[in-house]
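K.L.:
Need a 3D model of the sequence below.
(chains A and B)
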Amino acid sequence: MTRQRHLATVLAAIVSVTLIALPASVSSQVREVPFTYIEQQIITSIDPAGAVDESSLHSAINLYDPLLYPNVEKGTMEPRPHVAESWTISPDGKTYTFKIRRGIKFHTGRDLTAEDVVFTMDRVLRLKRGFFWVWAPVLEPGSAKAVDRHTVRFQLKEAYAPFLGTMLLLFIMDKDLVMANLRPGPFGEFGDYGASLLERQDAGSGPYRMEKWERATEMVMARFDGYWRGWKPGQITKIFYKTVLEEATVKTLIIAGQADMVNQWLSPPSFLELKQVPGIVVKEDPSVQLFHLLMNTKKPPLDNVKVRQAISHAFNYDIAIQQIFVGATKAKGPVPVKVPGWNPSIVTFGRNVARAKQLLSEAGFKPGEITIEYLWITGVPMERLIGLLLKSNLEEIGIKTEIIGEPWGRVVERAAKAETTPHITAIFDTLKYPHVDSHTYGMYHPSCWGTFRCMSFYENPAVTKILEQARRSVDTAEQMKLYKDAQALIVKDAPSIYIANPLHRIAYRDYVKGYRYVGLLGFDVAFYDFTIAR
Amino acid sequence: MIPVMVGLSILIFVISRVMPGDPVRLALGPEANIEQIEQLRRQMGLDKPVHVQYFSYVSGVFRGDFGYSLLTRRAVARDLKDFFPATLELTTLAMILSILLGVPLGVRAAVRKDALEDHMNRVVALAGVALPRFWLAILLQIAFAYHLGLLPTIGRGPAPATQITGLYLLDSLLTLDFNAFIVSLKHIAMPAFALSVGTLAQIMRLIRASMIEEMRRDHALAARSYGLPSNLIIYRYLLKNAFTSTLTIIGLSYGFLLGNAFLVERVFAWPGLAFYGVDTLLAKDFNGVIAVTLVVGVAYAVINLFVDILYGYIDPRIRYGEG
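P.N.:
Numbers count the residues shown, from 1 in each chain, chains lettered A, B, ... in the order given. Have a look, this model is predicted:
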């Protein structure tokens, strides 16, 4: 027994000494300028055709090159040349011709050509994944043609106002690499269309190439020496993109200096806490997000515009902004105020309880006659707070509110039909593509019914007509005027309670330079733009 | 065991189908149109009747095909291969820690019943049972990773150069890669300890109670009157008897931890099965949920079968086919 105890003591001592003696970062063999970024979402796919959430977009933005790029240098989301160095648009707005920049190399060393652009667009349209829905109204496989090695032409079914902006979301892939690695699949001669390959490696020309990807934990990206934009001293050469879901752990990592930047999904109190920590920068920008309460215009009594207007007048916007969405801008209509094309002359609803009561009476309802269902997404506690505020506000005008929380999956399912959609649903809606069309046509044209964005099931033939005209308009000034007119009409019909354009926050160590937020999801975390100045 | 697994598979299959929420809409993202949704539904076979889906799934399982995960967009079998070893390693080490620390502490508490040491052990045991694992995990991170900088905050660390079982500690030992072993040990130390504390406390309390009872029995008195050394009586004779009931708890806890290490895995960003299981549940990823349930169910059954065999080894009175 004594010998056993002695052995146990020796073993315990060995373990303790080895644990303490060796540094914690033995695992991180790094070179040049490493960078650790923490994200609270799992990267579900590194295939850019499937990238719609932030983390998947990060992988696409850093591993691939889009055809055009947001003009981050000028602080706007307007498209600027990137893979395409120039473009022309036909007078009828149906033909877009892009000149492809020479000298861009894929990570395989092959030149990027017009054929790759055509292949990429056809692939998205056939896979019907990711941003397919953005192009589906005007393109089909074969709509893009390579005119020559460095010219590509898109033939649209009709003029489409947001088309140029959507080219920011077309991440070009190496056709030869994909075609050489096809596996059996449902796409005929294209087999699995490279899905299996793109689970293991990238096929891009972006500033970084993927070195390692362990789902749910970490992606390692390393500098691509042959990147066409070249490299400067101080730029990041190796990225450790880690997935950490627990907020407390994320904070510990950046405070302890084990992370250089952490994502936007921390709660406002956590960002306030990080602001107090020396050496950490919390960058705040007005976002292109809209927080609103969608009112189901097909469900009585909200099918009555006066009831919707009454509810819009009853809500206390000031408390929502001052106490719940601290630092946010009050929403002025469906389009976030930072988006080009927002209508500044819109008159939005303000709190006016007397007017609310009057409208309710005009609609033929007495206090206590109406009970509505308010739906918030579990896991987003701010929406519950807004629900409580709404409930107390509506009590003042005699409307009862049932507050119900449901997981996101259930919300999406309920959004499928007007009958299953609740009276009011709280939604955060981010700009989907860099155009005012996203928050007008995308939310208030009947073609979007059945998705979470259109839980108001709004229908006004005049607005529908204007939105369709706007999309087809080739004159930018006229186009913008139409979108602005539509916004004014939509707000009047009160299909939503427009509450806030929340702040976008992100935290990083103060030696990180070059961070730029222009509003488009994912493009602020383009590691190529960052330099380290320790 | 086979009827249990068949019953479990039917139950979880039915539950997964009646859970609210549409997995296809979730997987395709909020902007997916009806055409995309229907296409994926057909590809997944979700347009077929539930019993057809079930038999198709079960026949796939026998071929090692657990279907396609809507969450990770790849074969569920690949996910299990990646995630299960991480949880198995973490849980096994946590159980080893629980036993290595819980048993001696329980024995000490019993031997020193009502002494200061016993009271302190009982307070620690109570705290261990009551303390939420995720909270302890955060405290450990703050102390050992942030303030002392001794241990890494998150993750499993880099995989050993040669992977055999997927258990990093074991693989690094098998390949004599001691540097990788140390790195893996440093990564697993905090999560394993955080996970072990609750079970450790349970084992300690049970051993204490059983030992006190054993020490009152006649054979203990007889052994003492023969003048046998105290440690021999305690560890060779009494502990063996006292350990039987604890073994049941160890078996149950092992299975429980396999499926419930979620919070610890989340805090330490440990890429394990519990973490994956919860994610698949939130995403309503049918195939992932069923596969995780089946794997945990099988592990649970195997562990308890092993425990049943151990009973016979420890206590000859309950050997099968004897007496």
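
K.L.:
For A:Phe523, report the pLDDT, please.
P.N.:
pLDDT recorded at A:Phe523 is 94.

K.L.:
Tell me how far the residue of chain A found nearest chain B lies from B:Thr280.
P.N.:
Nearest residue of chain A to chain B: A:Gly409, at 3.0 Å (C-beta to the nearest C-beta). (Glycine included, C-beta is placed from N, CA and C.) Going from A:Gly409 to B:Thr280 by C-beta to C-beta, to the nearest Å gives 12 Å.

K.L.:
For stretch B:212-225, buried residues please.
P.N.:
By neighbour count with 16 or more other C-beta atoms under 10 Å in any protein chain shown, stretch B:212-225 contains the buried residues B:Ile212, B:Glu214, B:Met215, B:Ala220, B:Ala223.

K.L.:
hang on, the fourth one in a helix?
P.N.:
Yes. Looking at B:Ala220 with DSSP: H, G, I helix; E, B strand; the rest coil, it is inside a helix.

K.L.:
Contact residues of the stretch 351-500 of chain A facing chain B?
P.N.:
A:406-410, A:412-413, A:416, A:432, A:450-453 (C-beta under 8 Å from any C-beta of the partner chain).

K.L.:
Let's see which of these end up in helices.
P.N.:
Here DSSP state H is the test, and those give A:Trp408, A:Gly409, A:Arg410, A:Val412, A:Glu413 as lying in helices.

K.L.:
Neighbour-wise, give me the winner out of those residues.
P.N.:
Within these, most neighbours by other C-beta atoms under 10 Å in any protein chain shown means A:Val412, with 24 neighbours.

K.L.:
Surely that one is in contact with B:Ala27?
P.N.:
No. Counting by C-beta atoms under 8 Å, A:Val412 does not reach B:Ala27; the two are 10.4 Å apart.

K.L.:
returning to that earlier point: just the pLDDT for the residue of chain A closest to chain B.
P.N.:
72.

K.L.:
and if you look at A:Gln29?
P.N.:
Reported pLDDT for A:Gln29: 43.

K.L.:
Repeat that for the one 5 residues further on.
P.N.:
The pLDDT attached to A:Pro34 in the predicted structure is 94.

K.L.:
Over to the one 10 residues further on?
P.N.:
According to the model's per-residue confidence, A:Thr44 sits at a pLDDT of 78.

K.L.:
same deal with A:Gln4?
P.N.:
Reported pLDDT for A:Gln4: 53.

K.L.:
Identify the residues contacting the closest residue to B:Ala75 other than its chain neighbours.
P.N.:
Leaving aside its chain neighbours, B:Ala75 sits nearest to B:Tyr68 (6.2 Å; criterion: C-beta to C-beta, 6 or more residues apart in numbering or on different chains). By C-beta atoms under 8 Å, 6 or more residues apart in numbering or on different chains, B:Tyr68 lies in contact with B:Met44, B:Arg74, B:Ala75, B:Val76, B:Asn287.

K.L.:
related to what we said a few turns ago, would you list the ones in helices among the residues of the stretch 351-500 of chain A next to chain B in a markdown table and tack on distance to A:Gln155?
P.N.:
Compiled in a markdown table, these are given as follows (distance: C-beta to C-beta, whole Å):
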| residue | distance to A:Gln155 |
| --- | --- |
| A:Trp408 | 38 |
| A:Gly409 | 38 |
| A:Arg410 | 41 |
| A:Val412 | 34 |
| A:Glu413 | 37 |
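
K.L.:
And those residues, which is closest to A:Tyr96?
P.N.:
A:Val412 (32.8 Å; C-beta to C-beta).

K.L.:
do you know how far the closest one is from A:Phe131?
P.N.:
18 Å.

K.L.:
about what we covered before: surely the residue of chain A closest to chain B meets B:Leu28?
P.N.:
No. Applying C-beta under 8 Å, one finds A:Gly409 not in contact with B:Leu28, separated by 11.8 Å.

K.L.:
Show me the contact partners of the helix or strand bottoming out on mean pLDDT in chain B.
P.N.:
For chain B, using mean pLDDT, DSSP states H and E, the weakest element among its helices and strands is helix B:23-28, scoring a mean of 73. Identification of contacts with helix B:23-28 by C-beta under 8 Å, 6+ apart yields A:129, A:408-409, A:412-413, A:416, B:32, B:36-37, B:40-41, B:44, B:46, B:70-71, B:73, B:283-286.

K.L.:
Can you flag the buried ones in the residues you listed?
P.N.:
Counted by 16+ other C-beta under 10 Å, the contacts of helix B:23-28 give A:129, A:408-409, A:412-413, A:416, B:32, B:36-37, B:40-41, B:44, B:46, B:70-71, B:73, B:283-286 as buried.

K.L.:
Which residue is the nearest non-sequential neighbour of A:Ala248?
P.N.:
B:Ile138 (4.9 Å).

K.L.:
and what of B:Val124?
P.N.:
B:Ala201 (7.1 Å).

K.L.:
Next up, the contacts around the one you found.
P.N.:
Taking C-beta under 8 Å, 6+ apart, one finds B:Gly102, B:Val124, B:Ala125, B:Leu126, B:Ala127, B:Gly128, B:Val129 in contact with B:Ala201.

K.L.:
now A:Thr36
P.N.:
Applying C-beta under 8 Å, 6+ apart, the residues near A:Thr36 are A:Ile239, A:Phe240, A:Lys242, A:Leu253, A:Gln258, A:Ala259, A:Asp260, A:Met261.

K.L.:
do the one helix or strand B:Gly297 maps to and chain A meet at all?
P.N.:
Element membership of B:Gly297 [criterion: DSSP states H and E] is helix B:286-314. No. For helix B:286-314, no contact with chain A is found by C-beta under 8 Å from any C-beta; the gap never falls below 11.8 Å.

K.L.:
helices or strands up against that helix?
P.N.:
Here helix B:286-314 touches helix B:2-18, helix B:50-62, helix B:76-111, helix B:239-260, helix B:273-282, going by 3 or more C-beta pairs under 8 Å, 6 or more residues apart in numbering or on different chains; DSSP states H and E.

K.L.:
Can you name every helix or strand that the first one contacts?
P.N.:
This points to helix B:2-18. helix B:50-62, helix B:286-314.

K.L.:
buried stuff in it?
P.N.:
Neighbour-count burial for helix B:2-18 [16+ other C-beta under 10 Å]: B:Leu8, B:Ser9, B:Ile12, B:Phe13, B:Ser16.
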